[in-house]
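Asks: Fold the following and give me the result.
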Amino acid sequence: MSALTGTGHLARLALRRERAIAPWWILLTVSLALTMVAYVNKNMGTYELKLAYLDIIRDNAFLQGLGGRSVEPRLEVLATWRSGGFLYVASAFAAVMSVVRHTRAEEDAGRGELVRSAVVGRHAQLAAALLVAAGSSLLGGLLTAVVLIGIGLEPVGSLAYGAAVAVAGWVFAGVAAVAAQLARNARTATTIGLSVLAVSYVMRYAADASGQDWLRYLSPIGWSHLVRPYQDERWWMLGISALAAAVLAAGAHRLLARRDLGAGLLPERLGRARAPELRGPTSLAWRLHRGLLAKWTAGVAFFALAAAGLSPLGRDLLSRPSLVVDNIRHTLGLPADEMLGAYSWYMILILAYAVALYPVLMTLRLRAEEMSGRAEAVQATAVTRLRWAAGHLVVTGLGTTALMAAAGLVFGTLYSVLVGDLATDLPRFLAGALGAVPAAWCVGALCLLAYAVLPRASAAICWAVWVLTAVLGQVAGPLYGQWGGSPLEPFHYIPNAFAATPVAAGPVLALLAVTALLLGGALLALRRRDFG
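Replies: Okay, the predicted model is just below:
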C-alpha cells in the first residue's frame, strides 16, 4: 500500500466539511477586492484627487507601509494599494486554519486514528489537507481575477493579482503543514502558523515604511506584493512562492514520517503536579485563558502606541490644504478643528472592532473544551454546567474590559505627551475605549447563544457575526460610503467620547439590556441541550 493511498477519498471528505467555511473566505476575498475599487471610484474619482492622495502617501511612512511605496494615480493600482495586502493575508489565514483543521485537529479529536485504521496511507491525510487548502486558495484568487476583469480592469494585471492571492495561501498552507508536525495539539499548531503570518506581514510593512526593500524578499507576504499587479507584473515572483510552498509541503511529509500519531516533534512542557490555586471554575478559566489574554494585551498596546505615535504627523497632514482631507471633512460634516479628534476616535474604533474578536475566540474555546471531553470531566465534579460556563464568561468579560482599558491608557498617555494634555485627554481616551466594551460584550453574547443553540455550526456563526459586525461598522463603512456604519451592528450605539455633543446613556443601557437577554437565553439553552 502506498503512503498516499486514499488521498482522493480524504480530499472529498475534507471538501465536504469545508463547504460551510471555505465559501465565506472566498466571498470575503472577492468582496474586499470589489470594495477597494468602489472606494477609489467614490472618493478619488478624478485624476486630481488621485494625485492629491499620492502626495499624502509620499509624505507618510505609515501609509507607505500600509500598501507599499510603489503606487500610481490609476484606479487599479490604487485599489490594490488601498487593500494593504489584506487579500493576501486573508488567503494565508484561511489556508493555515484549513490545514490545521484537517490534520492536527483530527488527531486531537481521535478521528485521525479511526481514519488510519482503514485502507489509508500514512501521508494521505496531510496530502488531502494540502490539496484542499491549495484548491480553495486557487479558487479564491481565480474568482477575484474574473470579477475584476468583469468590471473592466486590465485582464493581465487582474490575473497577476489573483495569482498573488492564490500563492499566498499555498505558502502558508505549507507553513501550517510543518507546524502541524511540530506541535503537540491544534492550538499550538495554529499559534505557530499565525505567528509566522504576523511576522511576515510586519516584515513587509517595515520594509515599505522604512524603504528597506530587501526585507520584502524575506517575507512570504512580501513575495505576493512583489508580483506588482497592474504595473510590471513580475511573474517570476509567483514561481518563488510556489517553490517555497512545495519545499514546505515536502518538509512536512518528511517530518510526518518521523513522529508518532498524536505526538509532536517539539518537546512537550509538562505542567506542575499540583495546582492549589484552582479553587473553582473561574480560576480554571483564568488558568486556561491567561496566556492568550497576555498576547492580546501586548498586541493591543503595540497598535495603540503606533496609532498614538502618528498623532503629530496626522495633525500636520490634516491641517494642510488638501482635496482629499476636504472631501473627508465635508462627508463627515466636521469643522476643521475637530479632524484630529475624528482621527483619534477612528483609531479607538479600529481597536474596538479588533478586541470584539476576543470574546468570539473565547466562545470557540468553550466549544473546543466540550469536544475534547475536558469540560465533561470538570462537570463530573461538583461544578455544574452553568457554573462552568459562568466562569468562562467572567474571565471573558473582564478580559475584554482589560484590553480596551489598556488601549485607552496607552493611546491616551502617548497622545497627551505628544500633542495633548494629560489631565484632559487621558480620561477622554480611557472613557472612549471603555465605552466600546458593551458592544464587544454584545458580540460575544450573540456568539455564546449560537454555541448554546447550534453547537455544530457555532464556529461558522461566530466568525460570521464578527465579520458582519466589522463589515457593517464605522471602520469599514466608509469604504462603501456609510460613514456612520449600520444600525444593525452594536458599535453603532456606543458614544463618541471626542464629539462635542453630550453623551446619551439610553443607547448604551439598551445595548446592555440586549446583551443580558442574549446571555440569559444562551445559558438557558446550554443547560437544556445535550452536552458533547
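Asks: Poorly predicted segments of the protein, please.
Replies: For the chain, applying pLDDT under 70 flags the ranges 1, 59-63, 84, 268-278, 310, 312-342, 475-485, 499-503, 532.
Asks: and if we set it to 50?
Replies: 331-333 (pLDDT under 50).
Asks: Mind listing what's buried along the longest helix anywhere in it?
Replies: The residue-count maximum for a helix in the chain (DSSP state H) belongs to helix 385-418. Under the neighbour-count criterion of 16 or more other C-beta atoms under 10 Å, helix 385-418 has 385, 388-393, 395-397, 399-416 buried. Backbone N, C-alpha and C define where each C-beta goes, glycine included.
Asks: how distant is it from the center of its chain?
Replies: Centroid separation for helix 385-418 versus its chain: 18 Å, with C-alpha atoms, centre = their mean, to the nearest Å.
Asks: again, but for stretch 188-195
Replies: Distance, centroid of stretch 188-195 to centroid of chain: 13 Å (C-alpha atoms, centre = their mean).
Asks: For the nearest residue to L13 once chain neighbours are set aside, pull up the helix or strand it's in.
Replies: Ranked by C-beta to C-beta, 6 or more residues apart in numbering and with sequence neighbours excluded, the top spatial neighbour of L13 is A128, at 7.6 Å. Element membership for A128 (DSSP states H and E) is helix 124-150.
Asks: helices or strands next to that helix in the packing?
Replies: helix 7-18, helix 22-43, helix 86-102, helix 111-116, helix 155-182, helix 236-256 (3 or more C-beta pairs under 8 Å, 6 or more residues apart in numbering; DSSP states H and E).
Asks: Now do that helix: distance to the chain's middle.
Replies: 19 Å.
Asks: repeat for stretch 18-36
Replies: How far stretch 18-36 lies from its chain's middle: 14 Å, per C-alpha atoms, centre = their mean.
Asks: What residues of that stretch count as buried?
Replies: For stretch 18-36, burial by neighbour count (16+ other C-beta under 10 Å) applies to 18, 21-22, 25-26, 28-30, 32-36.
Asks: how about those residues in CSV, adding distance to L66?
Replies: Formatted as CSV, the buried residues of stretch 18-36 follow (distance: C-beta to C-beta, whole Å):
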residue, distance to L66
E18, 31
I21, 28
A22, 28
W25, 22
I26, 24
L28, 19
T29, 18
V30, 21
L32, 14
A33, 16
L34, 19
T35, 16
M36, 12
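Asks: So R279: helix, strand or coil?
Replies: Following DSSP: H, G, I helix; E, B strand; the rest coil, R279 is assigned to coil.
Asks: What separation is there between it and A382?
Replies: 12 Å (C-beta to C-beta, to the nearest Å).
Asks: Find the helix or strand that the nearest residue to Y493 once chain neighbours are set aside is a member of.
Replies: Distance criterion C-beta to C-beta, 6+ apart; nearest residue to Y493, sequence neighbours excluded, is P507 at 3.9 Å. When elements are assigned from DSSP H and E, P507 belongs to helix 505-528.
Asks: Show me what that helix packs onto, helices and strands only.
Replies: Judged by 3+ C-beta pairs under 8 Å, 6+ apart, the packing partners of helix 505-528 are helix 385-418, helix 437-453.
Asks: I'd like to know which elements the last one is packed against.
Replies: Secondary structure elements in contact with helix 437-453, counted by 3+ C-beta pairs under 8 Å, 6+ apart, are helix 339-355, helix 357-372, helix 385-418, helix 458-472, helix 505-528.
Asks: circling back to that earlier point, if we take the buried residues of stretch 18-36, which one ends up nearest to Y451?
Replies: Lowest distance from Y451 to the buried residues of stretch 18-36 (C-beta to C-beta) belongs to I21, with 16.3 Å.
Asks: didn't that closest one look like it was pressed against A460?
Replies: Yes: under the criterion of C-beta atoms under 8 Å, I21 makes contact with A460 at 6.1 Å.
Asks: tell me the contacts of Q64?
Replies: Applying C-beta atoms under 8 Å, 6 or more residues apart in numbering, one finds that Q64 lies in contact with I57, R58, D208, A209.
Asks: try it again with 7 Å
Replies: Shown in contact with Q64 (C-beta atoms under 7 Å, 6 or more residues apart in numbering): I57, D208, A209.
Asks: Now do the host helix or strand of the second one against helix 86-102, angle only.
Replies: The one in question is D208. In the assignment (DSSP H and E), D208 maps to helix 186-210. Calculated by axes from the mean of the first three to the mean of the last three C-alpha atoms, to 10 degrees, helix 186-210 forms an angle of 160 degrees with helix 86-102.
Asks: Now the helix or strand following helix 186-210 - C-alpha only, PDB.
Replies: Going down the chain from helix 186-210, the next helix or strand is helix 220-225, by DSSP H and E. Provided in PDB are the C-alpha atoms of helix 220-225 (Å, rounded to 0.1, in the frame of the first residue of the first chain):
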ATOM      1  CA  PRO A 220       6.300  35.400   2.200                       C
ATOM      2  CA  ILE A 221       3.600  38.100   2.200                       C
ATOM      3  CA  GLY A 222       6.100  40.400   0.600                       C
ATOM      4  CA  TRP A 223       6.600  38.000  -2.300                       C
ATOM      5  CA  SER A 224       3.000  38.500  -3.300                       C
ATOM      6  CA  HIS A 225       3.400  42.300  -3.100                       C
END
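Asks: ok, back up a step: just send the helices and strands packed on helix 505-528 back as CSV, with distance to S200 too.
Replies: Listed next are these as CSV, based on distance: least, C-beta to C-beta, whole Å:
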stretch, distance to S200
helix 385-418, 24
helix 437-453, 28
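Asks: Mind checking these for the one nearest to S158?
Replies: In terms of C-beta to C-beta, the element of the helices and strands packed on helix 505-528 nearest to S158 is helix 437-453, at 34.8 Å.
Asks: Next one: A177 from T144, what distance?
Replies: As for A177, its distance to T144 is 24 Å (criterion: C-beta to C-beta).
Asks: Look at the two and report which has more neighbours.
Replies: In terms of neighbours (other C-beta atoms under 10 Å), A177 is the more surrounded of A177 and T144; the figures are 31 against 27.
Asks: Could you pull up the residues touching the closest residue to the more buried one other than its chain neighbours?
Replies: Leaving aside its sequence neighbours, A177 sits nearest to A252 (C-beta to C-beta, 6+ apart; 3.5 Å). For A252, the contacting residues are L126, G174, A177, V178, Q181, by C-beta under 7 Å, 6+ apart.
Asks: Disregarding flanking residues, what is the spatial nearest neighbour of the fourth one?
Replies: With C-beta to C-beta, 6+ apart as the measure, A252 is the residue that lies nearest to V178, at 4.8 Å, once sequence neighbours are left out.
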